[in-house]
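**Q** No sequence on hand, only this structure:
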């Protein structure tokens, strides 16, 4: 049986209300909602009564403040519960560039963190969900307004509650679905002291939030941080944990100017490496970690690559040492495209829930 508990105040404080079924009007039970605990089931919450307004998809977990479910405010007025799609079941969705299933079509059975990069369009006008439950997002990397999609035909974007066709990303709702927002906190001084800034998504310019960074706490998720704005310069990967003296532990300066949130990927991994630019010359396909590129492929230079599935880290040296470079799905026609100054690649690994 599904079970969710709503709290009026942050950190599961104040008046609470426990619910185990659909509710079209929650106003009599609480006046505001600032934290939620989902004990079981998949839930879709709505900003207005009768299942209208902003939607939020939540699965089992704790959400100590409304920003954790990417809420726009503390208003929840109705909710619905759905049974999980089992992790072994199929997922299949077709998206179309025009209403009534017309125009270009693409079929997906995995998460997509950037519709524009995969579909070459930001607009989805109709959709046919054949298997599984999905969530559509207004922006890339699973941000912005959310729309819950269950199996069925959606002939126009208003059928799933949207006011326009713009879609940035989408992902499956599975047993393993990890909905709570990724969170990283930057501190100006060591040992998590001084001025700090909390971030839950990509940020191209952190300069306005802090002057220096000497400690970092990653509460959830995975992030790449960069020493220049706009995701340039030296890159470093951080997973959940505490970095009390960031400079000493990571060997970088106290300059952190941008960061990317790395979406969770649970499906297949596939990368094609090419010895020449523009995906030409000898090609090698990789679907698992590679601690030594030279030993495995008899080459140490990769001039271009194409990633069809998963998120990856490239390293300058074997055994995952040296400068690192984050690569997400897409085509990289030259090594400069992933931020390297030379084609030298020593090792490669997949980014999973490390």
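**A** Okay, I see it. Computed from a predicted structure; not experimentally measured. Numbers count the residues shown, from 1 in each chain.

**Q** what ranges do the helices span in the protein?
**A** Residue ranges of the helices in the chain, as given by DSSP state H, are 115-119, 246-250, 293-297.

**Q** Pick the most buried one from these.
**A** With neighbours defined as mean count of other C-beta atoms under 10 Å, those peak in mean count at helix 115-119, which reaches a mean of 17. For glycine as for every other residue, the C-beta is placed from the backbone atoms N, C-alpha and C.

**Q** what about the nearest residue to residue 262 once chain neighbours are set aside, how many residues close to it?
**A** Using C-beta to C-beta, 6 or more residues apart in numbering and skipping the chain neighbours, the partner closest in space to residue 262 is residue 222 (4.1 Å). Neighbourhood size, residue 222 [other C-beta atoms under 10 Å]: 22.

**Q** my read: residue 222 touches residue 328, true?
**A** No. Applying C-beta atoms under 8 Å, one finds residue 222 not in contact with residue 328, separated by 11.8 Å.

**Q** got any residues that touch both of the two?
**A** By C-beta atoms under 8 Å, 6 or more residues apart in numbering, residue 222 and residue 328 have these common neighbours: residue 262.

**Q** related to what we said a few turns ago, any figure for the gap between the residue nearest to residue 262 and residue 235?
**A** Distance of residue 222 to residue 235, computed by C-beta to C-beta, to the nearest Å: 13 Å.

**Q** Please apply the same query to residue 301.
**A** Residue 301 sits 19 Å away from residue 235, going by C-beta to C-beta.

**Q** The two: which is more packed in?
**A** More crowded of residue 301 and residue 235, by other C-beta under 10 Å: residue 235, with 22 against 14.

**Q** give the contact list for the more buried one.
**A** Taking C-beta under 8 Å, 6+ apart, we find residue 235 in contact with 224-226, 323-326, 339.

**Q** So what sits opposite it in the bridge?
**A** residue 226 (DSSP bridges).

**Q** next one: residue 218
**A** Bridge pairing for residue 218 - DSSP bridges - gives residue 184, residue 241.

**Q** List the contacts of it.
**A** 183-185, 238-243.

**Q** which ones among the contacts of residue 235 are found in strands?
**A** 224-226, 323-326 (DSSP state E).

**Q** Buried residues, stretch 125-142. List them.
**A** The neighbour-count check on stretch 125-142 (16 or more other C-beta atoms under 10 Å) flags 125-129, 132-142 as buried.

**Q** Do I have it right that residue 338 meets residue 314?
**A** Yes. Using C-beta under 8 Å, residue 338 is in contact with residue 314, at 6.6 Å.

**Q** Report how many residues lie close to residue 225.
**A** Neighbour tally, residue 225, other C-beta under 10 Å: 28.

**Q** Tell me how many other residues crowd residue 41.
**A** For residue 41, the neighbour count with other C-beta under 10 Å is 18.

**Q** residue contacts, the nearest residue to residue 145 once chain neighbours are set aside?
**A** Closest residue to residue 145 apart from its sequence neighbours, by C-beta to C-beta, 6+ apart: residue 138 at 4.2 Å. By C-beta under 8 Å, 6+ apart, the contact list for residue 138 reads 144-146, 166-168.

**Q** Filter these down to just the ones in strands.
**A** Secondary structure assignment by DSSP E places 144-146 of these in strands.

**Q** tell me which of the residues you listed is nearest to residue 99?
**A** residue 145 (19.8 Å; C-beta to C-beta).

**Q** Confirm for me that the closest one is in contact with residue 57.
**A** No. Between residue 145 and residue 57 no contact is recorded; they are 11.2 Å apart, counting by C-beta under 8 Å.

**Q** Pick out whichever of the two has more residues nearby.
**A** residue 57 (24 against 20).

**Q** what pLDDT does the residue nearest to the more buried one when sequence neighbours are not counted get?
**A** Leaving aside its chain neighbours, residue 57 sits nearest to residue 135 (4.7 Å; criterion: C-beta to C-beta, 6+ apart). Predicted confidence (pLDDT) for residue 135: 91.

**Q** ok, residue 135 to residue 267 distance?
**A** 16 Å.

**Q** Give me the residue ranges of the chain where confidence is low.
**A** Confidence mapping of the chain against pLDDT under 70 gives the ranges 1, 83-89, 175-181, 248-252, 266, 353-354.
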